[in-house]
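Student: Next comes the sequence, and after it the predicted model I'd like to discuss.
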Amino acid sequence: MANHDPINSLLDILEKDASQFVRVLDRIIKIGVKIFNSTEELQEELLGFDDIYQTYITDMDFNYWLKVTNGKIEYKRGVNPDAPFKMNYTKDMIIKILKREISGTDAFMRGEINVEGSLTQGLRYIKLFRTFFKYVQNRNNSSS
């Protein structure tokens, strides 16, 4: 039986069905938060990342934020006015980043992502996603 990657299946839906974008992205984020919060190895990766990371997907009018505290992540839809780090990009750009067709750093350098906050916060935000996808990929590879 072929190896089935649920994250890539969800990413395919994100790319193909704009009407499902917010619901599916919400689901992907919730899966990621649940995995991070229940995996000691990932929690250790987040130590020192304590901050609030606001994201706005401009063409979908979708806001969400992640709060990292002591290796745990909290996810909420909407705007957190206390977020010192804010990132804005389009639906297509987040899909490319999540599918690892482009790195967040490259997209920022090309001006395809707008960011408010420190370089350190940005690098932590990028590492958060890289760590999650590397973990999922390693888990899928080890179960094949």
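Tutor: Ah, there it is. Numbers count the residues shown, from 1 in each chain.
Student: What ranges does this structure have for its helices?
Tutor: Using DSSP state H, the helices found in the chain span residues 6-16, 21-38, 40-45, 91-98, 104-109, 119-142.
Student: Most tightly packed of the ones you listed?
Tutor: Burial of the helices of the chain is given as mean neighbour count (mean count of other C-beta atoms under 10 Å); helix 91-98 ranks first at a mean of 19. To be clear about C-beta, it is placed using only N, CA and C from the backbone, and glycine gets the same treatment.
Student: Between helix 119-142 and it, find me the angle.
Tutor: Interaxial angle of helix 91-98 relative to helix 119-142 (axes from the mean of the first three to the mean of the last three C-alpha atoms, to 10 degrees): 60 degrees.
Student: Can you name the residues in contact with helix 91-98?
Tutor: Contact with helix 91-98 is made by 11, 14-15, 18, 21, 25, 28, 57, 59-60, 89, 102-104, 107, 112-113, 129, 133, as judged by C-beta atoms under 8 Å, 6 or more residues apart in numbering.
Student: Could you do stretch 115-124 as well?
Tutor: Identification of contacts with stretch 115-124 by C-beta under 8 Å, 6+ apart yields 49, 51, 53, 68, 84, 85, 86, 87, 88, 104, 108.
Student: Repeat that for stretch 10-24.
Tutor: Stretch 10-24 has contacts (C-beta under 8 Å, 6+ apart) with 25, 27, 28, 60, 62, 91, 95, 98, 99.
Student: got it, and stretch 73-80?
Tutor: Residues outside stretch 73-80 that contact it (C-beta under 8 Å, 6+ apart) are 26, 29-30, 32-33, 36-37, 46, 52, 54, 62-68.
Student: how about 6 Å then?
Tutor: If you take C-beta atoms under 6 Å, 6 or more residues apart in numbering as the criterion, stretch 73-80 is touched by 29, 33, 36, 52, 54, 63, 64, 65, 66, 67.
Student: starting at the chain centroid, how far to that stretch?
Tutor: The chain centroid and the centroid of stretch 73-80 are separated by 12 Å under C-alpha atoms, centre = their mean, to the nearest Å.
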